[in-house]
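In: below: sequence and its predicted model.
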Amino acid sequence: MRSLSDPAVRTKQILRLAAGLYGRVEVASSSNLASLWAMQIHHLTPILNVTDVLASIAWFEKWGWRKCWAWYDAVMMMDGDPRFAQAQRTGEAGAPSFAAVGAGHCEIFLCRGGQGGKGMPATADYEATSKGMWLSIFVEGVDDIHAKCVSAGLTVLMAPTNEPWGMREFHLQHPDGHVLRVSQGVTG
């Protein structure tokens, strides 16, 4: 019998679990699974389509993220460029069109008016009618982060809930309709 430490066996187990939770999921052959595990992804950065980059940076900062950098189309430079201070003083820089926020080793790109969908849900059933991106963010201290979001006046769609899949999570809505599932694993 092959062990769960074997990537092909582990992936099949995960897919079977997903099938139980979400319905029919195709289980790939062992040869296909081996090729999936051969690809090594070193970094993944989601891009959120936003209306206002600076407002989105401020929104993320309210719950513990930091601004990493911003790109300004009007002057074709990043805010870290030595010439940027002068362009900003003269008003030439305008507003950023692209930026990154970060927390720990993770980043999210923010793109004004492009690269993905956005929009508020059409009904109270935000899970079915959301037009923006859904993003899972795994953290430590999910209840503390929830409390910080509530005290900052951010829109919490679902309070922290222990889910049957072993996660405690809450749903947070970005001003452009993106939904962030902020989660922490639970035991027992």
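Out: Thanks, I have the structure now. Residues are numbered from 1 along each chain as shown.
In: hey, which helix or strand in this protein has the poorest pLDDT?
Out: Every helix and strand of the chain was ranked by mean pLDDT, DSSP states H and E. The lowest is helix 7-22, at a mean of 54.
In: just how off-centre is the strand or helix carrying residue 55 within its chain?
Out: Using DSSP states H and E, residue 55 sits within helix 53-62. Computed by CA atoms, centre = their mean, to the nearest Å, the chain-centroid distance of helix 53-62 equals 14 Å.
In: quick one, helices of this protein?
Out: Assignment of helices within the chain using DSSP state H yields the ranges 7-22, 30-38, 53-62, 84-89, 126-129, 142-151.
In: flag every buried residue along stretch 93-108.
Out: Across stretch 93-108, burial judged by 16 or more other CB atoms under 10 Å covers 93, 96-101, 107-108. From N, CA and C alone the C-beta is placed, and that goes for glycine too.
In: for residue 45, see how far away the spatially most central residue of the chain is.
Out: The residue lying closest to the centre of the chain (CA atoms, centre = their mean) is residue 135, at 3.8 Å. From residue 135 across to residue 45, the span is 11 Å (CB to CB, to the nearest Å).
In: and if you look at residue 109?
Out: 6 Å.
In: of those two, who's got more company?
Out: Per other CB atoms under 10 Å, whichever of residue 109 and residue 45 has more neighbours is residue 109, with 18 against 10.
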